[in-house]
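**Q** mind folding the following:
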Amino acid sequence: QVQLVESGGGLVQPGGSLSVSCAASGSVFSINAMGWYRQAPGKQRELVATITRGGSTNYADSVKGRFTISRDNAKNTVYLRMNSLLPEDTAVYYCYARVLGAGSPRWEDYWGQGTQVTASS
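**A** Take a look at the predicted model:
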């Protein structure tokens, strides 16, 4: 089995910065795409940013220029650095990874448990 464990997040004033990270563990053979999604109260889960194994990135328009996604393939870890946070960035942030498990014949999608990010004064 594969687990995604998130860390970081918390409360920051608008304009501040936060970082979150997510490490995949367990029976991991290889990881393809990794990324971050978020869900605010009363809203649908939305894409924040994704990154391929080769480092190609994709961002939601609302976070371009403020957020940076990166990954360490040796550590099976993905990071999200969030600068210039706005109140509308407040949400639960979920880590995502497409994983080929050891001994598995197919790629599967896994999700972290979510971490709260709040930008409020």
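**Q** what's opposite the residue nearest to the spatial centre of the chain in the beta bridge?
**A** Closest to where the C-alpha atoms of the chain average out (Cα atoms, centre = their mean) is Trp36, at 2.7 Å. On the basis of DSSP bridges, Trp36 takes part in beta bridges with Ala49, Cys95.
**Q** adjust the sequence numbering to begin at 59 for everything that follows.
**A** Okay, residue one is now 59; in that scheme the one you just asked about reads as Trp94.
**Q** and the gap between it and Leu158?
**A** From Trp94 over to Leu158 the distance is 20 Å, taken as Cβ to Cβ, to the nearest Å. Backbone N, C-alpha and C define where each C-beta goes, glycine included.
**Q** show me what contacts Leu144?
**A** Pro72, Ala177 (Cβ atoms under 8 Å, 6 or more residues apart in numbering).
**Q** apply 10 Å and report the result again.
**A** Counting by Cβ atoms under 10 Å, 6 or more residues apart in numbering, Leu144 touches Pro72, Gly73, Ser120, Val121, Arg124, Ala177.
**Q** max pairwise distance over those residues: which two?
**A** Greatest spatial distance in the contacts of Leu144: Gly73 and Ser120, 15.9 Å, computed using Cβ to Cβ.
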